[in-house]
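**Q** quick one: sequence and predicted model below, then my questions.
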Amino acid sequence: MQFFGGSEISPSPPAPTASGNNGHMLYVFNRNGICLLYREWNRPLHTLNAQQDHKLMFGLLFSLKSLTAKMDPTSAEKGNLGVPQLPGQGCSFHSFRTNTYKLSFMESPSGIKIILVTHPRTGDLRDSLKYIYNLYVEYVVKNPLYTPGSPIRSELFNTTLDQYVRGIA
Amino acid sequence: MAAVYSLYIINKSGGLIYYKDYGSSGRMDTNDSLRVASLWHSMHAISQQLSPVSGCTGIELLQADTFDLHCFQSLTGTKFFVVCEPGTQQMESLLKFVYELYTDYVLKNPFYEMEMPIRCELFDINLAQAVQKDRVALLGR
């Protein structure tokens, strides 16, 4: 996985083509399971309260990662189910689709997990997630007033993010 | 070249009733396959809770780096899922076909106990033929 390839924020974002109502929610977690950011643009159904929802989402991802590492058909030597995997170790999933939504997932080498929930017919969003990670690096990590591990409260980051997600087809 | 790595069938409570591996190096022993099946059953249920829109029926496709997982859930809650190479086409129709084989050779078998592991020879034979036919058809192109 190439994270530090270009010198500018790469890849360049795709030209806005969509109606702009494709993204449902976005979550950003750090490696300890703390939800750094939760953005919601279009969510008619709330099953659980916010805290439980975040915990459930993190738990689902942790278990799915463990499952994909175990089910990997191309590697013979695997650990047991439930053993925490280091970022990048073992096979990891990058998206799953149900009949009502598609969830795209990306984990950075530092354990920052970015999750984007969209319309089920969305294409491969791995590049978009990399772009969002770069936005996070530029607007959040490089902000000297930001303490790592705390929830993100940056208006500039939120606006840029909203704009970008609205443009994803 | 597209290939099916393995096939799982789980009953409505999440217990594994059939597991067949078609030549992956990640072949699992019985205990591991049982655990993986139960885990999948739970993940399938949890994914319905996290849906932003009502009417979610669970995960249909999971895409990972080295494999894809297609899942089909019948109306009775029995889940059929297949692990295959990334980008394999027509897995949904294969799963629906396996469902038909299941109803014909397993459910209509008077000696088969519901929710128990499948031990029906005709089912195995026909399933092997179906997967093999898929393989040949794709290679022949």
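**A** Here it is on my side, so go on. The structure presented is a predicted model; accordingly, all values stated were derived computationally and were not measured.

**Q** quick check, A:S128 in a strand?
**A** No: remark: A:S128 does not belong to a strand; assigned using DSSP: H, G, I helix; E, B strand; the rest coil, it is helix.

**Q** does whichever helix or strand B:N126 is part of reach chain A?
**A** Assigned by DSSP states H and E, B:N126 falls within helix B:121-139. No: using C-beta under 8 Å from any C-beta of the partner chain, helix B:121-139 stays clear of chain A, coming no nearer than 14.5 Å. All C-beta atoms are positioned from the backbone trio N, CA, C, and that covers glycine.

**Q** gap between that helix and the chain center?
**A** Centroid separation for helix B:121-139 versus its chain: 14 Å, with C-alpha atoms, centre = their mean, to the nearest Å.

**Q** what mean pLDDT does that helix have?
**A** Helix B:121-139 shows a mean pLDDT of 81.

**Q** around chain A, which positions in chain B sit nearby?
**A** Going by C-beta under 8 Å from any C-beta, the residues of chain B near chain A are B:5-6, B:24-26, B:28, B:32, B:35-36, B:39-40, B:42-43, B:46-67, B:69, B:83.

**Q** out of those, which are inside strands?
**A** Among the residues of chain B next to chain A, the members found in strands (DSSP state E) are B:5-6, B:59-64, B:69, B:83.

**Q** residues near the residue of chain B at minimum distance from chain A, how many?
**A** In chain B, the residue that lies nearest chain A is B:S24 (3.3 Å; C-beta to the nearest C-beta). For B:S24, the neighbour count with other C-beta atoms under 10 Å in any protein chain shown is 22.

**Q** pull the contacting residues for it.
**A** Contact analysis of B:S24 by C-beta atoms under 8 Å, 6 or more residues apart in numbering or on different chains lists A:73-74, B:5-6, B:83.

**Q** most neighbours of all the residues you listed, which one?
**A** For these, neighbours tallied by other C-beta under 10 Å; top is B:V83, 27 neighbours.

**Q** which residues does it form beta bridges with?
**A** B:S6, B:L69 (DSSP bridges).

**Q** I'd say it and B:Y5 touch.
**A** Yes: contact criterion C-beta atoms under 8 Å: B:V83 and B:Y5 qualify, at 4.5 Å.

**Q** common neighbours of these two, please.
**A** Common neighbours of B:V83 and B:Y5 (C-beta under 8 Å, 6+ apart) are A:73, B:24, B:67.

**Q** which residue in those residues has the weakest pLDDT?
**A** B:S24 (73).

**Q** that older thread, export the shared contacts of B:V83 and B:Y5 to CSV and tack on distance to A:V140?
**A** Output for those, formatted as CSV (distance: C-beta to C-beta, whole Å):
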residue, distance to A:V140
A:P73, 37
B:S24, 41
B:F67, 33
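
**Q** which helix or strand contains the one residue sitting closest to the centre of chain B?
**A** For chain B, B:F81 is the residue whose C-alpha lies nearest the centre (C-alpha atoms, centre = their mean; 2.4 Å). Element membership of B:F81 [criterion: DSSP H and E] is strand B:79-84.

**Q** hang on, the earlier thing: nearest to A:L145 among the contacts of B:S24?
**A** A:T74 (44.8 Å; C-beta to C-beta).

**Q** for the closest one, which non-adjacent residue is spatially closest?
**A** B:T66 (4.7 Å; C-beta to C-beta, 6 or more residues apart in numbering or on different chains).

**Q** next, count neighbours for the one you found.
**A** Counted with other C-beta under 10 Å, B:T66 comes out at 19.

**Q** disregarding residues adjacent in the polypeptide, which is nearest to the closest residue to chain B within chain A?
**A** Nearest residue of chain A to chain B (C-beta to the nearest C-beta) works out as A:P73 at 3.3 Å. Nearest residue to A:P73 in three dimensions, chain neighbours excluded: B:S24, at 3.3 Å (C-beta to C-beta, 6+ apart).
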